[in-house]
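>>> I need the structure of the sequence given here:
(2 chains)
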Amino acid sequence: MNLLALKMLLGDRLKYLGLVVGIAFASLLITQQASIFYGYAHRIGAWIRDTGPADLWVMDPQAEYTEDQKPLTDTTLQRVRSVDGVAWATPMWKGYLPVRLRDGTLVQARIVGIDDATLLGGPPRMVEGELADLHRDRAVFVDRQSLADLRTRRATAEGPPRDLRVGDRIDVNDFDAVVAGTFDRTPEFFWDPLLYTTYSRALAMAPRARKQLTFVLVKVRDGADVAAVAGAITAATGCAARTRGEFEDISESYVLAKTGILVNFGITIALGFVIGVLVAGQLLYNFVVENLRYHAALKAMGATNGVLVRMVLTQALVASTIGFGIGVGGAALSGLGLASGGLAFEMDWRIPLLGFAAILAVAAIAVVVSITRVLRLEPAVVFKG
Amino acid sequence: MAAIPTPAAVAAAVHCRGLVKSYGRGEQRVQALRGVDLDVAAGELLLLVGPSGCGKTTLLSVLAGTLQADAGRFTVFGDDVQAMTDDARTRWRSRTVGFVFQSYNLIPTLTAAENVAVPCLLLGRPRREALARARDALAAVGLAERAASRPGELSGGQQQRVAIARALVHEPRLVVCDEPTAALDHGTGQRVMDLLRGVARQRDRSLLVVTHDARIFPFADRIAHMDDGRVERIVDPPRQGADA
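Numbers count the residues shown, from 1 in each chain, chains lettered A, B, ... in the order given. Predicted coordinates for the structure are as follows:
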């Protein structure tokens, strides 16, 4: 009978297409919006993932995200290094500083100062130059994605307006710097240009302050328990010691809550779900109700409620699966377009899974509502014409 | 399955006494059957006739096991249908009763053969076997060549013949027909009734036919006239060619 149920479903092409397109639309809405949301959320922690091999990030306990400037005392570095289980610890400065280009254009940029000696925590993928070039006098590295943002707007004595390039001189908060290399980074939530230099040079660029250290990057000794070392660092310094995952999590939570992204996308995804319930549910319900006459005939001929329920479930499951497949495929295709345009779109494997669960929930709600009419159906109704 | 081994029940294919059925409650209550007594023999084609609202369709529904009577007893080929649970009655219907509906109720997205195969599939027969039997049943009603057609591609008469094939494919002992000729022209209606009478005669099946169509009275073995929820009289049919 399940095969007949499928023929009933597929036989009327127009109704079937309407049903599948409705479910596909709901699926597209849910998975596409969820993927954009996930993409944005995932980008918040991109810089943390790009920043090398540290097991722990030591920071002020009140630091809430990657760009939060709540500096530590300089002695914190030594105290962290003295904690048992710490293999190495390096200082990092991070903050916003104004960058003045050759034509006088002023741009706000994020500056990262890494350990002068080891250069640990440096740029993820060098494009021009080598990491060691940061040891050159006044050297800074600029991310490739921001070269156009650091373009001169007006002609200078050196020529017409053009993008920043290796060898150019820039002024970082009145510090004369030279672009010694470029690097590639994972697209981030934060849009300002990212510049790397050494820790001591970053301090020279930054305004004078009593506390200057932003983060301490920590590698835990082989065999040591990361959580235990983190606890020991906190006990010794009063600072928070967070794993990469923890730092990503708090950064995501903070930014999503503060920007309203979570609420806005949450509303859109919820709306997608509600529209999905309404569209797919209504279509599935209509499909069942339009076939009530035939269900009554089948019931009169001896189809049990169990048989009819299986038939309706088969129809709902097949329509939902096909509709979802088309919808999620459409979302993936739209994602290719969005991603190539630089927008955040990341379809984590959990999104199709949860999306399918949502569509199945939609189908289940529709089936439960419509199946009641089938179950209550008096077979004698079939004689009423 | 319960059975009442009375001599009358054994002799009659359908044996009912004192059937009562009402719809609604309070002032809206309508008494559809007011104590129906009726016997139908095996191999008999009995027409149920009477004015609209007299209880013909209700009696047909009760005897086919699709509606529960409020009171009274009846047996069909010895089975006490009234005493069965809903599930048992559903299974009993699938084995024992064939249905021909006024509006055919053929599933439009299935072919004629697939529609006819439905009762066999409901009985759990394999699909291949069910379709083979369906094709045989379609051949028996003269529609072998239309097995792959969908209902929308068939005329009204052809659809009713498909419905008859569907009613007979699983060889039920009782066939119930609700206004089988109502939507058909005179000639097609005559051919359909010829077919149904042949069915009753060939295999000792009992046929109960509800109709308003006086033109088919001559095809009956007996005609039960109903009025106000009772069988008022049972008469022999008029001779072929005589006025009904």
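>>> could I get the contacting residues of the most centrally placed residue in chain B?
By Cα atoms, centre = their mean, chain B has its centre lying nearest to B:V176, at 0.4 Å. The neighbours of B:V176, taking Cβ atoms under 8 Å, 6 or more residues apart in numbering or on different chains as the test, are B:60, B:63-64, B:97-100, B:207-210. (Glycine included, C-beta is placed from N, CA and C.)
>>> same question, B:G55
Here B:G55 is in contact with B:21, B:32-34, B:36, B:226, B:228-230 (Cβ under 8 Å, 6+ apart).
>>> weed out the non-buried ones from those.
B:21, B:32-33, B:36, B:226, B:229-230 (16 or more other Cβ atoms under 10 Å in any protein chain shown).
>>> so how far is A:V318 from the residue nearest to the centre of chain B?
Taking Cβ to Cβ, to the nearest Å as the measure, B:V176 falls 34 Å from A:V318.
>>> just the buried residues of stretch B:147-167, please?
B:147, B:149-151, B:154, B:157-167.
>>> which helix in chain A has the most residues?
In terms of residue count, the longest helix belonging to chain A (DSSP state H) is helix A:305-340.
>>> chain B now?
helix B:186-203.
>>> got the contact list for that one?
So helix B:186-203 is in contact with B:43-45, B:100, B:141, B:155-157, B:160-161, B:164, B:168, B:171, B:175, B:177, B:180-181, B:184, B:205-207, B:209, B:213, B:215-216, B:219, B:221, going by Cβ under 8 Å, 6+ apart.
>>> as CSV, could you dump the C-alpha coordinates of it?
Extracted in CSV, the C-alpha atoms of helix B:186-203 (Å, rounded to 0.1, in the frame of the first residue of the first chain):
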residue,chain,number,x,y,z
HIS,B,186,-29.7,4.1,-20.0
GLY,B,187,-27.8,1.7,-22.2
THR,B,188,-24.6,1.8,-20.1
GLY,B,189,-26.8,1.3,-16.9
GLN,B,190,-28.4,-1.8,-18.5
ARG,B,191,-25.0,-3.3,-19.3
VAL,B,192,-23.7,-2.6,-15.8
MET,B,193,-26.8,-4.3,-14.3
ASP,B,194,-26.4,-7.2,-16.6
LEU,B,195,-22.9,-7.6,-15.3
LEU,B,196,-23.9,-7.4,-11.7
ARG,B,197,-26.7,-9.9,-12.2
GLY,B,198,-24.2,-12.3,-13.8
VAL,B,199,-21.9,-11.9,-10.8
ALA,B,200,-24.7,-12.9,-8.4
ARG,B,201,-25.7,-15.9,-10.4
GLN,B,202,-22.2,-17.2,-11.2
ARG,B,203,-20.7,-17.6,-7.8
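>>> tell me which residues of that helix come out buried.
Quick answer for helix B:186-203 (16+ other Cβ under 10 Å): B:188-193, B:195-197, B:199-200.
>>> that one: how far from the chain's middle?
Its chain's C-alpha centre and that of helix B:186-203 lie 13 Å apart, by Cα atoms, centre = their mean, to the nearest Å.
>>> strands paired with the helix or strand that that helix is followed by, and their directions?
Using DSSP states H and E, the next helix or strand after helix B:186-203 towards the C-terminus is strand B:206-210. In the sheet, strand B:206-210 lines up against strand B:45-49 (parallel), strand B:174-178 (parallel) (DSSP bridges).
>>> what's strand B:206-210 in contact with?
So strand B:206-210 is contacted by B:13-14, B:40-49, B:56-57, B:60, B:63-64, B:173-180, B:196-197, B:199-200, B:216, B:220 (Cβ under 8 Å, 6+ apart).
>>> if we use 7 Å, what do you get?
Contact with strand B:206-210 is made by B:13-14, B:40-42, B:44-48, B:56-57, B:60, B:63, B:173-180, B:196, B:199-200, as judged by Cβ atoms under 7 Å, 6 or more residues apart in numbering or on different chains.
>>> end-to-end on stretch A:219-229?
Criterion Cα to Cα, to the nearest Å; first-to-last residue distance in stretch A:219-229 is 10 Å.
>>> pLDDT (mean, whole number) over it?
Regarding stretch A:219-229, the rounded mean pLDDT is 94.
>>> now that stretch: buried residues?
Applying 16+ other Cβ under 10 Å to stretch A:219-229 flags A:219-220, A:224, A:229 as buried.
>>> residues from the stretch 251-385 of chain A in reach of chain B?
A:293-294, A:297-298, A:300-304, A:379-380, A:382-383, A:385 (Cβ under 7 Å from any Cβ of the partner chain).
>>> which two of those have the greatest separation?
A:T304 and A:G385 (24.4 Å; Cβ to Cβ).
>>> comparing the two, which residue is more hemmed in?
Neighbour tally, A:T304 and A:G385, criterion other Cβ atoms under 10 Å in any protein chain shown: the higher count belongs to A:T304, 16 against 13.
>>> can you give the distance of the strand or helix carrying A:G355 from its chain's centre?
Using DSSP H and E, A:G355 maps to helix A:350-376. Centre-to-centre, helix A:350-376 and its host chain are 28 Å apart (Cα atoms, centre = their mean).
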